[in-house]
Each structure stands twice: as C-alpha cells, then as structure tokens.
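[1] just to be clear, the model below is a prediction. Sequence and coordinates:
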Amino acid sequence: MEYPPITKPPIDQFAVRPNLGEYDAARQSITWEQIRSELDGHPGGGLNIAYECLDRHLKTDRRNKVAMIWEAGDHDPETYTFEQFTKEANKVANGLRSLGVEKGDRVFMFLSRIPECYFTAFGVLKLGAVIGPLFPAFGPDAVKDRLEDSGARVLVTSPELWSKVKEIRGDLPDLQKIVLITRRKEAEPGEADEVLWDDVIANQSDEFETVNTDPEDYAVMHYTSGTTGKPKGAAHVHNAIIGHYATGKHILDLHDDDIYWCTADPGWVTGTSYGMFAPWSNGATSLIYEGGFGANAWYGMIAKHKVTVWYTAPTAIRMLMKAGDEVAKKHDLSSLRYTMSVGEPLNPEAVVWGEKAIGLPFHDNWWQTETGAIMIANYASMEIRPGSMGRPFPGIEAAIIDDEGNEVPAGEEGDLALKPGWPSMFRTYWHKKERYDSCFRDGWYITGDRARMDGDGYFWFVGRADDVINTAGHLVGPFEVESALIEHPAVAEAGVIGKPDAVAMEVVKAFVALKDGYEETEELRRELKRFAIDKLGKAVAPREIEFLPGMPKTRSGKIMRRLLKARELGLPEGDTSTLED
Ligand code: PRX
C-alpha cells in the first residue's frame, strides 16, 4: 500500500522549533567550518570529544544542569549534572592513568547501561585513549575476537559480566588489567590483574585536565560485521564530534530544554554517537534507561521524565505496535514533540502508526557504524515520505551509482554511495587497511546498501548488497556464527542466513550438516543452539537451526548462502552455474 506524504506533524511547536528551517535553504548555508566554529575546541588547539561534551559546559550556565538521568527501573533515578558527570569522568581518567593507560591505548567496556559505563567512556576520551564498547549480550567468543583484534589494554566490566566470559583471559596477552565495577554485585579481586573500581577509580582526584588530542587522533572503535571474516574494528577520531554535534542540533533538533531519550545500547554505534556524543555536545539532558524493552515500561519512562525527543528503532516500534494502541493511551505521552527511528528499514505502516497511537509520526534516518553520524534523514522541517530514509544532511553528497561509479537515473536501483570527507567518517578498519580501501570505488565510499533515489532526492532502502544479517537493528556476520558452530564436534559444515521476520526484520538461521556418525535429533539441535549462545551470546547466536545433508557450494568450495536463502524463501535460485556438481 502507498502512503501519502506527511506534510506537517500535528503539533504546533514542530513548525516553529526546528533549528534547520527549510531543508533546501539549509543545504546552501550550513558548512562544516561553520559548525566547527560553534564548538569550543581544546584550549591547547586540538579537539577532544569529552571536552566538547563536558568541560566546555562547565564555563556556562549548563554547569548545574542535569546531563544524565539514570533509570534502572528498580529504584529511584540518579541524576548527574554536567559538573558532577565531569568529576566522575575525571576520576576515571586519573584512575586509568594510575594503571598505566596512555594516549592511544584501547580501553574496552563490557558493561550494562549503568552510570559508570558513561563515566568510563568520557574518562577514557579525556585521557586521549580509545574506547571500545561491547554489547553486554555478547558471549565469550564475541568478546574475545574484539579484545584480541584491538589489542585492548584494559577492560572495564562488572563481576557478573566478567564471569560470563572469563575463560577467554588466557587468549588475551595484550590485556593487562580488568577493572570490576561492583555496583550490582560484590566481588573480591581474584587474579592479580583484576582490580576493583572502588580501589582504583573511586578514590581518585576529581580534577583532570583533558588531554589536548589532535582532531585526527583515534577516539572510538566499534566492531561491525561483514560477509566474510571476523568483525572489523571501525576506528573513529575526535573530529567526529563535529558531525555528532551538527546532526544532534539539526536532525535530532535538540534544544536546551529538551529531555532526550535514545534507546540504543552503547555496545552499538547509535548508543555512543546518539546516546552520548550528540546530546551532550548540545548540552541536552539525556535519559539512560538500563532496563530492557517493555511497552508499559517504555511509555512509563516517557511519561515520568517528560521526554520531548525520542530516538528509537524499527524493531522496538513494531513491538510497541504489537502491544496495541491501548497501552500507549494509558500513559501521558504529551511531552513528546519529536520522534525518530534508525537502524533497519522502517515500514511505512510504522510511521503512520506513530501518528495514530502517540500523536507523532516517526522520522526515519539512515547511517552506519562507518559513517559515524546520520547521513540521510527525514528532518523535522521536511515532509515525511513514509517508507523513505529521507534526504542527505547538508554537507553530505549521497548518490545511487552503478558498477562503473556512474550515477543512475532517479528511480533506478544501485549502490548507495557517499562522497568521502565528512568529519565523522571512520578512518580505517583496525589492522585491515586493505579491507578499508576496498570500500571505495571511483571516488565514492560504497556503503554496502542497495537503494533508490526518487526525483525529489529522497532515498529509499532496497536491501543489503552483501550477506550481512540485520536482526533487530544489530548487524551479524554469517561467518562469525558459522565459525562458532563448526567448533562443535558434531558439525561438519554450517551456512548462515538472515530469515525474514515480521518484528525483528531478520532472524539468524543456521543450516548445519553433521559429521558421519551423528544423528539429526531434536536433542542435538537444542544442544547446538545452546552451544552457539554460550559462545556468541544471545545477540548473535542463531534463533533457528536446520539440518541438511550437505551445503550447496561453489566449485571452489564456498558455501552458497544466497542459494540457502533462496531455497528457504522458495524463491528462484538464480545463477547456479558455479554450483558444485
Ligand atoms: O543496512 C543499513 C541498515 O543498518 C546498516 C548499518 O548498521 P550499523 O553499522 O550497525 O549502524 C547502525 C547505526 C544506524 C545500514 O548499512 N540501516 C540503518 N538505518 C537504516 C537501515 N536500513 C534501512 N533504513 C534505515 N533507516
């Protein structure tokens, strides 16, 4: 079904409040230089993300303004002003320095969304070191791959999460210290390399002079999955704050009196770029909710904290739709003035449902780990085209190109490509320069997404160009899952695909061929599922496993996932000329 454009959302503030004004006029007038001049810059001449998000506000009225409201759901919220937040981050910086952490070192975080997670991120950035956030639902293999590849020197975690993955310790020679936060669970430091937060951070001075980092110094690493190989560490630099600040102001439309809620976990890039950097560089008050999804709990958070700007994801919106409009109507959601979505295709029904159930349509936008910040958006000031990702941010040149790098006519499908050079663009894949270089063609950065552009410059998502699976907005690389499965003694081969799902968009499905002597039993299927969860964690492990006598392979021995998927969906098998006899 086709949905008509939504011209003006039905709330007066909308028409008058956006910073951006008319989109087309803005395209002419906004430049990166101008945006950069709105930030302070480090007094030493450099640029540091933590300085722009914290230190600079201490020179203004924002000093005593609440930066973070932390809600765990099981007790009263905790609030931290910009000054209190800065002091906590300063203690982290001092503590890590006392452990020998230096500029450029990687400090990884394997934490739930507790305040210390955020203090750690900014303490590390203040020190000029590099943060590596890990999703708390990862299992030991997923954590090990990332710590090993990055050569992380310190891991900040909690006793409960550390005990889940501790078996990997011996495989990580670069890891020198594990800092345990005992907010939820008491712990004694076990091994010599385990130290307690209370011993090394909590007693430190709350004064720290943020390191004068160069705009091109590394700041953040996020691991992201590809079709082949293990996840790659997309490395971002301090200069990215220009993009976070700009998009926070002009796309999230953040103002001083906003209470903003980004539902993403910092283990994924949305949770850092838009859970931390965009709101705090704009001086907004940000709600951090540690709890998981629940329609009542989520609406309750909006009502309780009078959230005005809400950034969430399609799977969550579809789950809210499933919970029913009545649940929404039970809560006072009148504080909301602007709602957005990212991470997966947002179906037009969901955009329109937002208008009906909560009084606001969802503004979809598009970006990736590699782009560091939003690239394409349905701005507050623009007509929304339900089902479209919107139009490029001023300063971003996006196009649909063919294999030769030529732009294709409006309406035709091709590779979604961006002209390199925006501030928040990733600078490399850690240790994988060749892989990074292969992302570029004829002067374009090739995103790996297929899309179309209409005659008015709106972009419409078609699908991924590769085998990467997008489940509930989280990218999963099939190779990572296949590698884990074949470690089980019964498994000869494994092929992994994304199976369409009405709520999560895709779920991970594995096809498994067993070694001789093993039987395809229900019990073994359950064992394999458990095996994968134990290794990879629930976020990555397959939801479904199906036994096959063998995998379809090319003559060179590569498993043809494309064919597995076509067969699963009952679609034509396409070109099978390279199929093994
Ligand atoms: O395939 C696109 C999809 O998610 C990918 C990026 O995922 P990740 O690197 O984990 O970054 C998450 C931060 C947004 C994209 O290549 N994607 C993202 N946004 C949309 C989307 N697909 C369709 N519509 C979107 N709005």
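    Ah, there it is.
[2] which parts of the stretch 51-200 of the chain are helices?
    In the stretch 51-200 of the chain, the helices defined using DSSP state H, counting those that start in this stretch lie at 82-98, 115-126, 140-150, 159-165, 197-200.
[3] out of those helices, which comes closest to the ligand?
    The ligand sits nearest to helix 140-150 of all those, at 14.3 Å, using C-beta to the nearest ligand atom. The C-beta positions use only the backbone N, C-alpha and C, and glycine is treated the same way.
[4] related to what we said a few turns ago, would you turn the helices of the stretch 51-200 of the chain into JSON lines with mean pLDDT and distance to G291?
    Rendered in JSON lines, the data for those read as follows (pLDDT from 0 to 100; distance: least, C-beta to C-beta, whole Å):
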{"stretch": "helix 82-98", "mean pLDDT": "98", "distance to G291": "21"}
{"stretch": "helix 115-126", "mean pLDDT": "98", "distance to G291": "14"}
{"stretch": "helix 140-150", "mean pLDDT": "96", "distance to G291": "23"}
{"stretch": "helix 159-165", "mean pLDDT": "95", "distance to G291": "16"}
{"stretch": "helix 197-200", "mean pLDDT": "96", "distance to G291": "22"}
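[5] please identify the most buried of those helices.
    Burial among the helices of the stretch 51-200 of the chain, expressed as mean neighbours by mean count of other C-beta atoms under 10 Å, is greatest for helix 115-126, which shows a mean of 27.
[6] which elements pack onto that one?
    On a contact count with 3 or more C-beta pairs under 8 Å, 6 or more residues apart in numbering; DSSP states H and E, helix 115-126 meets helix 49-53, strand 66-71, helix 82-98, strand 106-110, strand 130-134.
[7] list the contacts for D40?
    D40 makes contacts with 51-52, 56, as judged by C-beta atoms under 8 Å, 6 or more residues apart in numbering.
[8] most neighbours, which of the residues you listed?
    Compared across these, Y51 has the highest neighbour count, 28 neighbours, by other C-beta atoms under 10 Å.
[9] before we move on, back to that, mind putting the helices of the stretch 51-200 of the chain in JSON lines, distance to the ligand included?
    Formatted as JSON lines, the entries for the helices of the stretch 51-200 of the chain read as follows, by distance: least, C-beta to the nearest ligand atom, whole Å:
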{"stretch": "helix 82-98", "distance to the ligand": "24"}
{"stretch": "helix 115-126", "distance to the ligand": "17"}
{"stretch": "helix 140-150", "distance to the ligand": "14"}
{"stretch": "helix 159-165", "distance to the ligand": "21"}
{"stretch": "helix 197-200", "distance to the ligand": "29"}
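[10] which of those helices sits closest to L579?
    With respect to L579, and counting by C-beta to C-beta, the nearest of the helices of the stretch 51-200 of the chain is helix 140-150 at 30.8 Å.
[11] how about the residues of the stretch 401-550 of the chain near the ligand?
    Along the stretch 401-550 of the chain, the residues adjacent to the ligand under the rule C-beta under 6 Å from any ligand atom are 447-449, 461, 464, 470, 475.
[12] which of these fall in strands?
    In strands, defined here by DSSP state E, the members of those are 447-449, 461, 464, 470, 475.
[13] got a markdown table for those residues, with neighbour count and pLDDT too?
    Conversion of those to a markdown table gives the following (neighbours: other C-beta atoms under 10 Å; pLDDT from 0 to 100):
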| residue | neighbour count | pLDDT |
| --- | --- | --- |
| T447 | 21 | 97 |
| G448 | 17 | 96 |
| D449 | 19 | 96 |
| F461 | 19 | 96 |
| R464 | 17 | 92 |
| N470 | 20 | 95 |
| L475 | 23 | 94 |
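[14] any idea how far G550 is from the residue of the chain most remote from its centre?
    The outermost residue of the chain relative to its centre, with distances by C-alpha atoms, centre = their mean, is G517 at 42.5 Å. The span separating G517 from G550 equals 15 Å under the rule C-beta to C-beta, to the nearest Å.
[15] now do R97
    Using C-beta to C-beta, R97 is found at 56 Å from G550.
[16] same check, this time on F110
    38 Å.
[17] tally up the residues packed near A380, please.
    Using other C-beta under 10 Å, A380 is surrounded by 24 other residues.
[18] wait, it touches L254, no?
    No. No contact is recorded between A380 and L254 when judged using C-beta atoms under 8 Å, the distance being 10.8 Å.
[19] closest point of the stretch 451-581 of the chain to the ligand, which residue?
    Per C-beta to the nearest ligand atom, the residue of the stretch 451-581 of the chain with the smallest distance to the ligand is F461, at 3.9 Å.
[20] likewise for the stretch 51-200 of the chain?
    Relative to the ligand, the nearest point of the stretch 51-200 of the chain is F135 (10.8 Å; C-beta to the nearest ligand atom).
[21] contacting residues for that residue?
    Contact criterion C-beta under 8 Å, 6+ apart gives 142, 265, 267-268, 474, 537, 539 as the residues in contact with F135.
[22] any idea which helix or strand in the protein has the lowest mean pLDDT?
    Considering only helices and strands, the least confidently modelled element of the chain by mean pLDDT, DSSP states H and E is helix 12-16, at a mean of 35.
[23] tally of neighbours for Y245?
    The number of residues packed near Y245 is 26, by other C-beta under 10 Å.
[24] do the same with the one 10 residues further on
    Burial of H255 is recorded as 18 neighbouring residues (other C-beta under 10 Å).
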